[in-house]
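In: Make a model of this:
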Amino acid sequence: MALPSSGQISLGDIAGEISLLLSNISLQTASTSAVLNQNSTFGPDGSEPHAISEFLGYDQSASSGLKRMMGSENQGTKADYRDPNLCETALFNNFYFHSGIDDVPIVGNFVYTTDGTSKPAEEGVYVLTQGLQQIGEEAGGTFTVVVLLDANGRIKNLATCSTSGGNKGDLGIPFEGAIPVDEDPIGIGEDPIDGLLPIDKRG
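Out: Model prediction:
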């Protein structure tokens, strides 16, 4: 629960908000504490002179709104984000956070190493996964996203690859926006198109 945005607050109120023992707290230690949540809209700036009023409206539980995904180590700036081997060999040892409004990041979103916007991921190639539901022919599988980041942590391009189902390890078509969907599915009794399997018309 956030501290009130107006009125009087005490060191005891601040200690309770940031979960520090009152006996160990001073205005200086509270204002420079490493446990302060940088996602809070209001809070101390960490520089002197410190003031209790800087904590008005401070919220230790504030969220950045970023979406969390599991991810690999940086594969390096020379890695090809279109390489299907990345999907097979990736070890998901880290958490990353992206600025997209959906679970799947898109070109132009930013990727961060913490739940905040102060630490963008380094330039390079990362494999991110969230067990994303695959759509289309391989329904029931999952997608992994391979992202190419610039020096600011911005996604320059990306591709998807299946991590389960019939196309395990296959690289998807690079896309911008969302996972590609077959927008012209064949109806019952229609002729096959684009190499899809023929449909039995014998009734």
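In: where does Arg82 sit relative to Gly7, distance-wise?
Out: Distance of Arg82 to Gly7, computed by Cβ to Cβ, to the nearest Å: 57 Å. C-beta: built from backbone N, CA, C; applies to glycine.
In: same question, Gly16
Out: According to Cβ to Cβ, Gly16 and Gly7 sit 16 Å apart.
In: Which one of the two is surrounded by more residues?
Out: When Gly16 and Gly7 are compared for neighbours, Gly16 comes out ahead with 15 against 7, by other Cβ atoms under 10 Å.
In: Next, give phi and psi for the more buried one.
Out: For Gly16, the backbone dihedrals (degrees, to the nearest 10) come out as phi -70, psi -40.
In: List the contacts of it.
Out: Contact analysis of Gly16 by Cβ atoms under 8 Å, 6 or more residues apart in numbering lists nothing.
In: lowest average confidence, helix or strand, in this structure?
Out: In the chain, no helix or strand scores lower on mean pLDDT, DSSP states H and E than strand 124-133, which sits at a mean of 79.
In: That strand: partners in the sheet, and parallel or antiparallel?
Out: Using DSSP bridges, strand 124-133 pairs in its sheet with strand 67-71 (antiparallel), strand 142-149 (antiparallel).
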